[in-house]
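Novice: for reference, the sequence and a predicted model appear below.
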Amino acid sequence: MEQTQKRRGCLWIGGTLFGVSLLVGMISQTVNRPATDQTKPAASSTAPVDRHHNPADQIKILSYSASKGGFDNVMILSMKLRNDNPFVVKDFQIVCANYAPSGTELPASFGTLYEKLEPGETRAFKKINLGLMPPDSSSFKCAIAVAKQVEPG
């Protein structure tokens, strides 16, 4: 009986470590992957896609706040965004740098907000799940790393 419980505990720990490793690998691939939609020329577009322009540069974060969810290890973000681009933008990749009380930078939290913003639109978004955050995180700073231009049509 005790041997079976030890085996189950080892399997649970091994499965959890494998799952976390898989998640970290997926996040690193997503962050390092170039956004291919931004390099394609827009077909019959009134505002051509600039290959060297990231639409996220013109997305302004007007305010944001975060809370802990799950077992106090998941970052839940609320933010207010404004689209200063002359075109519709979607799929905002959010990166939040986490900091320890000493000021040491900890691993970042990542997530994608699958929404659209019209040109000039301002909107608040609540309860954006950014996944796991370091347990020692006491402060953070967020940015929109990538956003995609919606091609007309």
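Specialist: Perfect, I can see it now.
Novice: does S137 really touch Y99, like I thought?
Specialist: Yes: S137 is within contact range of Y99, at 6.8 Å (criterion: Cβ atoms under 8 Å). (Glycine included, C-beta is placed from N, CA and C.)
Novice: any idea how far P134 is from the nearest residue to D136 once chain neighbours are set aside?
Specialist: Leaving aside its chain neighbours, D136 sits nearest to A100 (4.8 Å; criterion: Cβ to Cβ, 6 or more residues apart in numbering). With the distance defined as Cβ to Cβ, to the nearest Å, A100 ends up 8 Å from P134.
Novice: between those two, which contacts overlap?
Specialist: By the contact definition Cβ atoms under 8 Å, 6 or more residues apart in numbering, A100 and P134 are jointly contacted by L106.
Novice: list the buried residues of the helix or strand hosting I144.
Specialist: Using DSSP states H and E, I144 sits within strand 139-149. Across strand 139-149, burial judged by 16 or more other Cβ atoms under 10 Å covers F140, C142, I144, A145, V146, A147, K148, Q149.
Novice: what do you get for stretch 116-129?
Specialist: Using 16+ other Cβ under 10 Å as the test for burial, stretch 116-129 gives L117, F125, I128.
Novice: quick one: which of those residues is nearest to D72?
Specialist: For the buried residues of stretch 116-129, the residue nearest D72 by Cβ to Cβ is I128; the value is 17.3 Å.
Novice: helix, strand, or coil at that closest one?
Specialist: strand (DSSP: H, G, I helix; E, B strand; the rest coil).
Novice: pLDDT score assigned to it?
Specialist: Here, the pLDDT recorded for I128 equals 94.
Novice: list the helices and strands the lengthiest strand in the chain packs on?
Specialist: Longest strand of the chain, by residue count under DSSP state E: strand 105-117. Judged by 3 or more Cβ pairs under 8 Å, 6 or more residues apart in numbering; DSSP states H and E, strand 105-117 is in contact with helix 2-32, strand 74-83, strand 89-99, strand 122-132.
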